[in-house]
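Engineer: coords please:
(2 chains)
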2 protein chains.
Amino acid sequence: MRDSHGPAVPTDRAISALRPLPASAARLDRAGLLGQWQERNRAATLPHCIEQLHAHGNLDNLRRVTGDTGGAAAAYAGYWFADTDVYKTLEAALWHGTERQFVADTVELLAKVQDPDGYLVSYFQLAANRDRQWAELPSSHEMYTAGHLIQAAVAAARGASGDATALQLVDVARRFADLLVRRFGAGGEDAVDGHPEIETALVELFRATGHRPYLDLAARLVDLRGHGLLGPESRFGQRAYYQDHTPVREAAEATGHVVRQMYLLAGAVDVAVETGDAELLAAAERLWDSALASKTYVTGGQGSRHRDEAFGDAYELPPDRAYAETCAAIGGFHLAWRLLLATGRARYADEMERLLYNGIAASTAISGTEFFYSNPLQLRTGHDGSDEDAPGARLPWYRCACCPPNLARLMASLHTYTATGDLEGLQLQLYAQGSFAAFGRAVDVATQYPWDGTVTVTVTESTDAPWTLSMRVPAWCSDVRISDPDAVVADGYARIRRVWRAGDRVELTLAMPPRLVAAHPRVDAVRGTAALARGPVVYCLEHAGLPGELAGAVFEDLMLDASAPIDVVRDHPIVPVALAATARVSGAADAALYGPFDAAPPPRAGATVHAVPYHLWANREPGPMRVWLPVVPPPR
Amino acid sequence: MRDSHGPAVPTDRAISALRPLPASAARLDRAGLLGQWQERNRAATLPHCIEQLHAHGNLDNLRRVTGDTGGAAAAYAGYWFADTDVYKTLEAALWHGTERQFVADTVELLAKVQDPDGYLVSYFQLAANRDRQWAELPSSHEMYTAGHLIQAAVAAARGASGDATALQLVDVARRFADLLVRRFGAGGEDAVDGHPEIETALVELFRATGHRPYLDLAARLVDLRGHGLLGPESRFGQRAYYQDHTPVREAAEATGHVVRQMYLLAGAVDVAVETGDAELLAAAERLWDSALASKTYVTGGQGSRHRDEAFGDAYELPPDRAYAETCAAIGGFHLAWRLLLATGRARYADEMERLLYNGIAASTAISGTEFFYSNPLQLRTGHDGSDEDAPGARLPWYRCACCPPNLARLMASLHTYTATGDLEGLQLQLYAQGSFAAFGRAVDVATQYPWDGTVTVTVTESTDAPWTLSMRVPAWCSDVRISDPDAVVADGYARIRRVWRAGDRVELTLAMPPRLVAAHPRVDAVRGTAALARGPVVYCLEHAGLPGELAGAVFEDLMLDASAPIDVVRDHPIVPVALAATARVSGAADAALYGPFDAAPPPRAGATVHAVPYHLWANREPGPMRVWLPVVPPPR
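Structural biologist: The predicted model follows:
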């Protein structure tokens, strides 16, 4: 049992630039936004998820296998991979170290449900489905389910408790993993699961246990993918949906179902790092590059198509039909983290930051108990929100409830992603008020980031030898100031190397003027528009809160006067920092759907509007919203 | 048996402004484009469809019910509504009066397959499925299937032959229709089919037979819809998918699955016209208005979402992910025709024209044997065409092959949609070279429309009393000239009322300068772009055929210089009329996906490009295409 994740038990060939901090060595303070989110997760989201698991039959599904149907609904409830909602919630509880009764009861139940050979997928353990086990891998999610069980167990293994429940969960997970090794390991069946996830889980289990066959199976599964094992005509003829069209190390472009692509690449990086497979790591970086270059929203969200929950073609990025699934953003965060550790390149931490404050944060209501599954960048007047994949407001749960408990496990472990360490020193990757330590070095961080760009770092523990304190300088920042004159800013970090004493302080100031962002002209869907941003936070305009002067206007007729100043509003009643801009009303409201191309009539009356952080939208009354604002003069 | 369709046997309360010509009284000449299309349909598309029915097991599905499995594949092939592909093909053959062996064999087979009570859906006649009959109406398509059988029979009834095969087909269809009347008519089960179609078919069967219960059942089915009979949680909770969320006469907005919406409204107009139901007709007009005002592509196509093949929100009209299903365009054509007959308003004929030359025509390759199912208005460089719903080239057939035989039956009956008559005279609605007659009045039309705007009408038969020759003046035309000084242009028609003699000639000239079209600024997806059009024909730019000067440019970086003249090119090697415009290359090709909002670098080198009619795209090598062209200067 070890107390870290990431590539911290290198094999003899391991690649790794940075190491994660031990979970116990990072702490988020509730005075900061990330700490508030983590606390909300503990106090609201996690109990809510447990309630929902009870209410939606996920636990009954497991009980039914044991023959204990007292009180359980007659039929299996939800999707055949409903066990994973239990595992993700379990993982969240284990990271938090709370909800001990739920954890103990659930682990005991799992031990009962598990077959003698280690198999544990409640849907396929029902008598009627037993002969379908392993027979429907393109869609069965059996290895995917095993993966989430394993990840819960890894969280248990990392906990300091070492209590009987934790040991029992690790034992259950290992028994399932051992079954996978026997059945699908070297010399076994050549097969892959339609939904990746097992790959990264097995590497994490290898890290936690040192048991090499887990890593070997993960490596094997990464390389078996892309050879049509899922069927030549699977899923509407699209092998790319499963990333089964070409081996990951040969693929040129991120494609298909986004969550599958992100989870697969996370597993590939894990394998690459542990086996010293530079080619595989390069492939993951290449695919990440392709996604970031032309298939990623300004919020970090990915997935341009509701159909297949998939990447679109290059530059196909509609804001209204953005799918930008919450789980895809979480997968992207996991991938970027792994690439950061493997390479030490700041751009991966930049992307984690963009996702965290936008694509991921937008999914959760202020209450912590309602969620978006898809995260569009625009919602129009009159939107039909009856489809739960494109609702007008966050919902407490989903028929496919993958996202809420995935958020719960991410937020519960958020402290582990904020800083990294190496032999040379400590790297602050995401700025959060809290305490961070590694290798005998420790700092306290005080900041109101992302609402304010000032970060004060106080050394609380040091060694005698000189070491480097590295503080990331985000790519969005063009004006950085550091109190220490010896700081060197290069490659996305401000680095200070010296002998540090407890009590030493450094102040970093990242200037955060409001800025107007444009997309590449090939992004047809947002031509002639701009987005507002400040620091890492992308803003949006909502119909809710428009001033009275604009009450009579159709929301879609509002245009941004890009020549007017944009002011920072810190005393806004609803959000920590709003941006005040000037909106004008398009003069073309009464035009026909199609008409002659000529100059549009000049925009009419304008007024000051307050843009709010995108991640806080839909917390007032429901109504239209947009991130990309048409700019004056109209380009028509 | 009667020789027309449309509301030609009015009940005592019927509403009808215009009447269709008898099928035998309209003839398209092969010297004109519509006549060429009809001939291509007869010679290529129809035989191709018959071949495909054999190859894909549709006929075997029927044979299997009779126990004749000699040579048939073991399992039912295709979707459970695969019989409809047979019926549409049969209908096409009956309109053409060709493929008599196929018709005779198929009708004989149908008579054998039909159950004694009249039931005839081969999938649900298989022994294993018999207990599912009528039990799954939200998805079973049983009444939809009956509807297409009936429409084939109506085509048989309209044929002049009156031969035994035609009579037998009408008998088969009536036996199924009678079963529906017994089971679902007044006093029977309250139920509707998940896919409308039966409504319009029953009214047509009423028109052909005068049997009132068919009309009554159609009226009942129209009004039963919208009350949740398809289930409160049907189809992802979206009753609107089936238009079952609100009764059609109360609905405010076209929504849901487009083909379903169009077919339902066609049936509603048929019912309204025959029963004198002005409220129902007004509802259909209102829903049509809503679709045309904010949910219709410049090609006439409808359906903004691949997900659910559905309408989007108002102004949600992405050109790249336009679904614009071929069958939806055909349904829209049928609806517009019915509204034209009911009201006499030219705007409905305008819409038929737009659909015919763009949204519908684009679906079929020059060969007549390859088809698009969806009809996007943009295809990007590097498009992944592996999904058959968004291929890069037309395909010979589809897993869901609804569109090709639907095209076949439309094209086979195209002559019946070109002109109308009433007691006052003859109305030319779609300009086509050919002969048209009604009520003792007949004309020959000579024209190269839509490539040329001159239409010469020669009276070939007349009565002694004065009558009115009406010629539609399309809304796109702002300069119309008529050789007769007494012509009055109003409400979308040029009308000449006088005593006509055989040999009288009128020349109508509709000026067709190339024009630049813009979309309403609320159509975010095409902001800052323009489309090229000439007459009723929308143009597009294809990568294929770009001049050498632009060979090195990425297609998506091309911009239209809207200040340069646009020339008509009649000697183009590939298309009858091309448009020559000036394209420039965006200077922003190397920009990051997101960057600061400021003036883009000026566009670089330009060259003359030839835009081709949208409906002829993808007939050269595969490659990118777009209808909406970004204009210089770039709006970024």
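Engineer: my guess is residue A:30 contacts residue A:39. True?
Structural biologist: Yes: the pair residue A:30 / residue A:39 is scored as a contact, 5.1 Å apart, by Cβ atoms under 8 Å. All C-beta atoms are positioned from the backbone trio N, CA, C, and that covers glycine.
Engineer: what's the first helix or strand after the helix or strand residue A:458 falls within?
Structural biologist: Here residue A:458, judged by DSSP states H and E, is contained in strand A:454-461. Downstream of strand A:454-461, the next assigned helix or strand under DSSP H and E is strand A:467-472.
Engineer: enumerate the residues of the stretch 251-400 of chain A near chain B.
Structural biologist: Residues of the stretch 251-400 of chain A lying close to chain B by Cβ under 8 Å from any Cβ of the partner chain are A:253, A:255, A:292-294, A:296, A:298, A:305-308, A:312-316, A:318-321, A:378, A:380-384, A:386-389.
Engineer: just the buried ones from these?
Structural biologist: Among those, the ones that count as buried by 16 or more other Cβ atoms under 10 Å in any protein chain shown are A:253, A:255, A:292, A:294, A:296, A:298, A:305-308, A:312-316, A:318-321, A:378, A:380, A:383-384, A:386-389.
Engineer: now, which of those lie within strands?
Structural biologist: Mapping those onto strands (DSSP state E) picks out residue A:378.
Engineer: quick check, central residue of chain A?
Structural biologist: In chain A, the centroid-proximal residue (Cα atoms, centre = their mean) is residue A:330; its distance is 1.7 Å.
Engineer: what mean pLDDT does the helix or strand containing it have?
Structural biologist: Using DSSP H and E, residue A:330 sits in helix A:326-343. The pLDDT scores in helix A:326-343 average 98.
Engineer: contacts for the helix or strand that it is followed by next, please.
Structural biologist: Moving toward the C-terminus from helix A:326-343, the next helix or strand (DSSP H and E) is helix A:346-354. By Cβ atoms under 8 Å, 6 or more residues apart in numbering or on different chains, the residues outside helix A:346-354 that reach it are A:292, A:299-300, A:332-333, A:336-337, A:339-340, A:417, A:429-430, A:472-476, A:491-493, A:536.
Engineer: from the chain's centroid, how far away is helix A:346-354?
Structural biologist: How far helix A:346-354 lies from its chain's middle: 12 Å, per Cα atoms, centre = their mean, to the nearest Å.
Engineer: quick one, it and helix A:326-343 angle?
Structural biologist: Helix A:346-354 and helix A:326-343 are oriented at 150 degrees to each other (axes from the mean of the first three to the mean of the last three Cα atoms, to 10 degrees).
Engineer: give me the residues contacting the strand holding residue A:458.
Structural biologist: So strand A:454-461 is contacted by A:428, A:431, A:435, A:437, A:440-449, A:469, A:471, A:500-510 (Cβ under 8 Å, 6+ apart).
Engineer: just the buried members of those?
Structural biologist: A:428, A:431, A:435, A:437, A:441-449, A:469, A:471, A:500, A:504, A:506, A:508-510.
Engineer: of these, which belong to helices?
Structural biologist: Using DSSP state H, no member of these falls in helices.
Engineer: ok, residue A:282 - contacts?
Structural biologist: Residue A:282 touches nothing, counting by Cβ under 8 Å, 6+ apart.
Engineer: wasn't it part of a helix?
Structural biologist: Yes: checked against DSSP: H, G, I helix; E, B strand; the rest coil, residue A:282 lies within a helix.
Engineer: ok, it to residue A:290 distance?
Structural biologist: Between residue A:282 and residue A:290 the computed distance is 13 Å (Cβ to Cβ, to the nearest Å).
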